[in-house]
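pasted the sequence and its predicted model underneath.
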Number of protein chains: 2
Amino acid sequence: MGPQSTEVETPRLAAAKIGSDVGLLLAKLHATGSLLNNKALADYGLRERSFSVLTLACSGLEPTQRELADFLSLDPSQVVSLVDDLEHRGLVKRAQGKQDRRAKIIVSTAEGRRIHNKARAGLEECERTQLATLTEDENAQLRALLKKALWG
Amino acid sequence: MGPQSTEVETPRLAAAKIGSDVGLLLAKLHATGSLLNNKALADYGLRERSFSVLTLACSGLEPTQRELADFLSLDPSQVVSLVDDLEHRGLVKRAQGKQDRRAKIIVSTAEGRRIHNKARAGLEECERTQLATLTEDENAQLRALLKKALWG
DNA sequence: AACAATCGTTGACTTTTTCAATGATCCGTA
DNA sequence: TACGGATCATTGAAAAAGTCAACGATTGTT
């Protein structure tokens, strides 16, 4: 992503109609958010994406790599790298698919769950400050709207 | 961003708590949205970013490149490329800054405004279909929440 | 006048994304 | 059962995007 300063910027340009373009708003919020999230996760050797993979590995849903790729909007080869990294660090394991032996199921290790719990706490705190200008209700509303936009 | 299929995916993994993580929701909606937006803009030789620059050039706000970089969360060198491209195609012009002669103000040409109008119509139609699962009210709510999250 | 800071630009460098090819496996069909 | 086409994880290469430091020109400050 681009270079973000943590300073408050004067959004002179937000006056333009583009300031209401959903695509741009998403891009901007995602950009600034990613930067902060990655910073918060760095303490645990994670980034937004590896954290997402780890979260799903810890979920008990036993996702396959293909499912991870679809859900996270990543190329399958990118998932390979992410899982490689997490596996080398002993946070997740590859297990053989149950119905499909081609597929590999990603499951967390005890250590993975330990790290994940810590990282999640840090990330939640980080996101809380990011959305500090929203009330608790608005925060929940935003989540609900994003989910509905994605999955109806 | 990653590879998106236009098919509807079964979000088995959305059940995980991560399905409520704002960071991931933003990333995912942004990813799928970008893909569709870029596809819609391709007819006009534009992409999300060059469209944003063109929009601001057409806004009458006379943005400098530095302001574009800040507002669009881009590195100044990326703005150079985007403006180069638009300028070569005769859609925008670089004008000397008024108070500051180091700065360059980006303004649209008549052709730029013509293309922009067409592209904007196409993009709006595209975003309408993307957010089809939201009601008109929810759509407006989402915009408002994103703006508030960004600028309070 | 001197100095540090900022603007746009360039170029090098790293990271990320994209894509095609591969072996293993699955599934439908003859 | 055996064949053929599709899907899975993986690899590696190529393309695109992002990052960063340096530069001349200009600004504002001391």
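Cool, the structure landed.

contacts only, for A:Asn37.
Counting by CB atoms under 8 Å, 6 or more residues apart in numbering or on different chains, A:Asn37 touches A:Glu48, A:Phe51, A:Leu123, A:Cys126, A:Glu127, B:Gly23. For the C-beta atoms, the positions are set from N, CA and C on the backbone; glycine is no exception.

would you list those residues in JSON lines and tack on secondary structure?
Shown next, in JSON lines, are these (DSSP: H, G, I helix; E, B strand; the rest coil):
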{"residue": "A:Glu48", "secondary structure": "helix"}
{"residue": "A:Phe51", "secondary structure": "helix"}
{"residue": "A:Leu123", "secondary structure": "helix"}
{"residue": "A:Cys126", "secondary structure": "helix"}
{"residue": "A:Glu127", "secondary structure": "helix"}
{"residue": "B:Gly23", "secondary structure": "helix"}
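
in JSON lines: those residues, plus neighbour count.
Putting those into JSON lines (neighbours: other CB atoms under 10 Å in any protein chain shown) gives the following:
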{"residue": "A:Glu48", "neighbour count": "22"}
{"residue": "A:Phe51", "neighbour count": "27"}
{"residue": "A:Leu123", "neighbour count": "23"}
{"residue": "A:Cys126", "neighbour count": "17"}
{"residue": "A:Glu127", "neighbour count": "18"}
{"residue": "B:Gly23", "neighbour count": "24"}
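
out of those residues, flag the one nearest to A:Arg102.
Nearest to A:Arg102, judged by CB to CB, of the contacts of A:Asn37 is A:Phe51 at 26.6 Å.

wait, doesn't the closest one sit right on A:Leu41?
Yes - with contact defined as CB atoms under 8 Å, A:Phe51 reaches A:Leu41; the gap is 5.4 Å.

overlap in contacts, those two.
A:Ala119, A:Leu123.

ok, the contacts of A:Asn37 vs A:Ala57, which is closest?
Nearest to A:Ala57 among the contacts of A:Asn37 is A:Phe51, at 10.5 Å by CB to CB.

residues of the one helix or strand A:Val79 maps to that come out buried?
Secondary structure from DSSP states H and E places A:Val79 in helix A:76-88. By neighbour count on 16 or more other CB atoms under 10 Å in any protein chain shown, the buried set for helix A:76-88 is A:Gln78, A:Val79, A:Leu82, A:Val83, A:Asp85, A:Leu86, A:Glu87.

mind saving the C-alpha coords of it as PDB?
Taking C-alpha atoms only, helix A:76-88 is exported to PDB below (Å, rounded to 0.1, in the frame of the first residue of the first chain):
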ATOM      1  CA  PRO A  76      -3.700 -20.500  -4.500                       C
ATOM      2  CA  SER A  77       0.100 -20.000  -4.800                       C
ATOM      3  CA  GLN A  78      -0.100 -17.200  -2.300                       C
ATOM      4  CA  VAL A  79      -1.800 -19.500   0.100                       C
ATOM      5  CA  VAL A  80       1.000 -22.000  -0.300                       C
ATOM      6  CA  SER A  81       3.500 -19.400   0.800                       C
ATOM      7  CA  LEU A  82       1.500 -18.200   3.700                       C
ATOM      8  CA  VAL A  83       0.900 -21.800   5.000                       C
ATOM      9  CA  ASP A  84       4.500 -22.700   4.400                       C
ATOM     10  CA  ASP A  85       5.600 -19.800   6.600                       C
ATOM     11  CA  LEU A  86       3.100 -20.700   9.400                       C
ATOM     12  CA  GLU A  87       4.000 -24.300   9.200                       C
ATOM     13  CA  HIS A  88       7.700 -23.700   9.400                       C
END
